[in-house]
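**Q** give me a 3D structure for the following:
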Amino acid sequence: MKHGKKYVESAKLVESLKLYETEEALDLCVKTAKAKFDETVEMHIRLGVDSRHADQQVRGAVVLPNGTGKKVRALVFCKGDNVQKALDAGADYAGADEYVAKIQQEGWMEFDVVIATPDMMGVIGRLGKILGPRGLMPNPKAGTVTPDVARAVTEAKAGKIEYRLDKTNIIHCPIGKVSFGVEKLQQNFDALMGAVIKAKPAAAKGQYVRSCVVATTMGPGVKINTAKFQGSAVVAEK
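**A** Next up, the predicted model:
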């Protein structure tokens, strides 16, 4: 794969075999961001688990202290008083069957997160093939299936992100924008890594955090020294 001139210049600042401490790695991300837009900084965490086994799944959600820097559009499936509660909390859309029809018939997808009350899951089941592949299906583990829609909307707007393993046992998550600066990115990094370590399955054996890379949207990956997180994993288990 051929990279552009800006990427090549940025890559020269990163030692490909070196394992960086978190602060230094994030500083490099900020320095190597050359795009004309405010690039997103992402974390890619490879775990020593096997996602094919149900007892080794790693999934959950965490509110990043400084948000993601992205405006989140929330759709809430609910009825009765919950509709107004969701809208008052900042939901962009709240309702029931009318939104199911809009998605099914019009292909409408102008939302970033879907929240639902438990009694609506039967209705939302009809949207599984549409929302599922996009990672938008509400889930109790992520806090997006809940009777407290107001709280769920508030958290989503504040920067709550969902993390889950892909088929290669890697978690991919945004932790903010380059414009945040190193300190805020570090706080978000710590929040996500802490949540992932806390979610370590009992069935996981050996080294849990195998590797971690941070990178901007258009920049090179920077490898992080994960040694200290192995100790954290032990602490989290006790």
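**Q** what's in contact with stretch 104-120?
**A** 70, 72-79, 82, 86, 91-93, 96, 99, 102-103, 124, 126-127, 130-131, 134, 136-138, 144-147, 149, 152-153, 156 (Cβ atoms under 8 Å, 6 or more residues apart in numbering). Where you see a C-beta, it was placed from the backbone N, CA and C, and this is true even at glycine.
**Q** how far away from the center of its chain is whichever strand or helix holds Ala156?
**A** Ala156 belongs to helix 149-158 when assigned by DSSP states H and E. Centre-to-centre, helix 149-158 and its host chain are 15 Å apart (Cα atoms, centre = their mean, to the nearest Å).
**Q** mean confidence for that helix?
**A** For helix 149-158, mean pLDDT is 94.
**Q** what does it contact?
**A** Outside helix 149-158, the residues that reach it (Cβ under 8 Å, 6+ apart) are 63, 67, 72, 74, 76, 78, 82, 85-86, 88-91, 94, 113, 115, 117, 143-144, 146.
**Q** show me the contacts of stretch 104-120 that map onto strands.
**A** 74-77, 93 (DSSP state E).
**Q** just give me the neighbour total for Lys79.
**A** Around Lys79 there are 14 other residues, counting by other Cβ atoms under 10 Å.
**Q** could you number the chain from 876 rather than 1 from now on?
**A** Renumbered: residue one is now 876, and that last one reads Lys954.
**Q** hang on, it packs against Glu973?
**A** No. Judged on Cβ atoms under 8 Å, Lys954 makes no contact with Glu973 at a distance of 11.2 Å.
**Q** can you tell me what sits against the lengthiest helix in the chain?
**A** Longest helix in the chain, counting residues (DSSP state H): helix 1057-1073. With Cβ under 8 Å, 6+ apart as the contact definition, helix 1057-1073 has outside contacts at 897-898, 901-902, 904-905, 916, 918, 920, 922, 933, 935-941, 1036, 1038, 1046, 1048, 1050-1051, 1055, 1083-1084, 1087, 1089, 1104, 1107-1108, 1111.
**Q** just the buried subset of those, please.
**A** Among the contacts of helix 1057-1073, those buried by neighbour count (16 or more other Cβ atoms under 10 Å) are 897, 901-902, 904-905, 916, 918, 920, 922, 933, 935-939, 941, 1036, 1038, 1046, 1048, 1050-1051, 1055, 1083-1084, 1087, 1089, 1104, 1107-1108, 1111.
**Q** pull the CA atoms of the longest helix of the chain into CSV?
**A** The C-alpha trace of helix 1057-1073 is given here as CSV (Å, rounded to 0.1, in the frame of the first residue of the first chain):
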residue,chain,number,x,y,z
VAL,A,1057,-2.2,14.9,25.4
GLU,A,1058,-3.6,15.4,28.9
LYS,A,1059,-7.3,14.9,27.9
LEU,A,1060,-6.4,12.0,25.6
GLN,A,1061,-4.5,10.4,28.4
GLN,A,1062,-7.5,10.6,30.7
ASN,A,1063,-9.7,9.0,28.0
PHE,A,1064,-7.1,6.4,27.3
ASP,A,1065,-6.9,5.5,31.0
ALA,A,1066,-10.7,5.3,31.3
LEU,A,1067,-11.0,2.9,28.4
MET,A,1068,-8.0,0.7,29.3
GLY,A,1069,-9.3,0.5,32.9
ALA,A,1070,-12.7,-0.6,31.7
VAL,A,1071,-11.3,-3.3,29.4
ILE,A,1072,-9.0,-4.6,32.2
LYS,A,1073,-11.9,-4.7,34.6
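**Q** please compute how far that helix lies from its chain's middle.
**A** 11 Å.
**Q** now for the helix or strand following it, which elements pack on it?
**A** Following helix 1057-1073 in sequence order, the next helix or strand is strand 1084-1091 (DSSP H and E). With contacts taken as 3 or more Cβ pairs under 8 Å, 6 or more residues apart in numbering; DSSP states H and E, strand 1084-1091 sits against helix 897-907, strand 915-922, helix 1057-1073, strand 1097-1098, helix 1102-1112.
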